[in-house]
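[1] Sequence and computational prediction follow.
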Amino acid sequence: MPRNNEGPARHGNTVDEPTLVAGLRAGEEWAFEALVRLFGARLLAVARRIVANDEDARDVVQSAYLSAFRALDRFEGSAQLSTWLHRIVVNTALMRLRSRRRRPEESIEPLLPAFQHDGHHVERFSAWTASAEELLERKETRRTVRAYIDRLPEHYRTVLMLRDIEGLSTQEVADILTTTPTAVKVRLHRARQALFALLRGHYQRPSATG
């Protein structure tokens with residue numbers, strides 16, 4: 001339990017990582033407050049992208065904090081604290097998804113690009129060079145992209161988020177989801193196709209003014 005509110009974080013917005021980790025291990029209140037201030041918003045955003053629900057995201061972050069505190073003695077500093085916390089939040093969020101009542105896997109077929117009668121795609125997707133992460137960084141498209149990512153079936157949305165947004169490698173995603181790298185690549189390709197099809201449909205939709 002945090003013990004007091006005196007510490008480096010009271011005198012500024014920055015604190016070096018070894019001092020912060022030492023404060024957390026000692027149960028100092030200022031260290032917990034600094035942790036939340038420095039990483040809370042980012043961790044909540046990560047959880048929200050995976051579980052697609054604000055209430056569940058808050059629960060995920062709180063559970064991740066508890067898991068992190070219990071594992072602090074095993075944190076060796078070989079990775080940045082933010083990276084270590086990020087991984088804990090990702091794993092906690094995925095456990096939350098698995099704990100939900102099991103439902104038949106949703107098909108992504110209705111969201112994929114349509115075909116013409118001659119078998120060619122109605123639209124060519126080679127022109128899309130921006131990743132989902134790059135699209136989310138554009139202020140004018142952020143809300144739209146997030147909305148369409150949330151429309152993807154859960155299994156595909158999870159792979160897209162872990163690979164494209166959270167930046168995990170194909171092998172890391174496969175390990176987390178207990179599947180094969182090939183399965184991850186297939187799901188990622190189809191998730192990207194579906195997302196870009198949704199976005200093209202949105203931005204090519206005729207305006208009310210014609």
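    That came through fine.

[2] pLDDT averaged over the one helix or strand residue 68 maps to - what is it?
    According to DSSP states H and E, residue 68 maps onto helix 54-70. Taken as a whole, helix 54-70 carries a mean pLDDT of 93.

[3] what do you get for stretch 40-48?
    92.

[4] Domain-wise, how is this structure divided?
    8-99, 109-203 (automatic domain parsing).

[5] Report how many residues lie close to the nearest residue to residue 44 once chain neighbours are set aside.
    Excluding the flanking residues, the one nearest residue 44 by C-beta to C-beta, 6 or more residues apart in numbering is residue 61, at 5.3 Å. C-beta here means a position set from N, CA and C on the backbone, and glycine is covered the same way. Neighbour count for residue 61, taken as other C-beta atoms under 10 Å: 25.

[6] Okay, helices next: where are they in this protein?
    17-25, 29-51, 54-70, 81-99, 132-137, 142-151, 154-160, 170-176, 181-203 (DSSP state H).

[7] rewinding a little: go ahead and name everything in contact with the helix holding residue 68.
    Contact with helix 54-70 is made by 24, 35, 40, 43-44, 47-48, 50-51, 84-85, 88-89, 92-93, 96, as judged by C-beta atoms under 8 Å, 6 or more residues apart in numbering.

[8] residues touching the nearest residue to residue 187 once chain neighbours are set aside, list them.
    Distances taken as C-beta to C-beta, 6+ apart place residue 159 nearest to residue 187, at 4.4 Å, with adjacent residues excluded. By C-beta under 8 Å, 6+ apart, the contact set of residue 159 is 173, 177, 184, 187, 188, 191.
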